[in-house]
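A.B. asks: What follows is a predicted structure for the sequence shown.
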Amino acid sequence: MPGAEPLGPGQGRTATGGRGIVSRARRVVGAVAGWAEASYHLPYRSTMARARADEDDLFLLMVAGEALGLPNPMGYHSLELLPAVYERFHAWHQRMGMDRSPLDHLACC
């Protein structure tokens, strides 16, 4: 700018060479991106949660069916998964409307 005095050391820009502006801009862009992603997924959040719960219910039905002696084409592989689902079994049988566990050897309640 004509007639303006040149800036001396430490005047005008920060000591980091303008990195403060860049970091603030990154934070703003990150916040806007997070807001855009959240607003896009908001209408589908409950649908996706229900689909995930249905998938979990089917998985637990297949694994528990093997323990009950129901024919299961994936029987050999699902027996290996029983220890992984013991913790979630109680919530599952209550969600399916069973007050007590349908398995004699698995008394979770």
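C.D. replies: Nice, thanks for sending it over. Residues are numbered from 1 along each chain as shown.
A.B. asks: Mind telling me what element the residue sitting nearest the centre point of the chain is part of?
C.D. replies: Nearest residue to the geometric centre of the chain (Cα atoms, centre = their mean): residue 49, 9.8 Å. Element membership for residue 49, per DSSP states H and E: helix 45-68.
A.B. asks: just residue 40 next, same as before
C.D. replies: Per DSSP H and E, residue 40 falls inside helix 19-41.
A.B. asks: so how far is that helix off the chain centroid?
C.D. replies: Between the centre of helix 19-41 and the centre of its chain there are 21 Å (Cα atoms, centre = their mean, to the nearest Å).
A.B. asks: Run the angle between that helix and helix 45-68 for me.
C.D. replies: Orientation of helix 19-41 against helix 45-68 (axes from the mean of the first three to the mean of the last three Cα atoms, to 10 degrees) gives an angle of 70 degrees.
A.B. asks: The residue nearest to the centre of the chain and residue 23, how far apart?
C.D. replies: Computed as Cβ to Cβ, to the nearest Å, the residue 49 to residue 23 distance reads 35 Å. In short, each C-beta sits where N, CA and C put it, glycine included.
A.B. asks: Same question for residue 85.
C.D. replies: Distance from residue 85 to residue 23, by Cβ to Cβ: 45 Å.
A.B. asks: higher neighbour count, those two?
C.D. replies: Taking neighbours as other Cβ atoms under 10 Å, residue 85 and residue 23 compare with residue 85 leading, 16 against 11.
A.B. asks: And the next helix or strand past the helix or strand bottoming out on mean pLDDT in the chain?
C.D. replies: The weakest-scoring helix or strand in the chain, judged by mean pLDDT, DSSP states H and E, is helix 75-79 (a mean of 65). Later in the chain than helix 75-79, the nearest helix or strand by DSSP H and E is helix 82-95.
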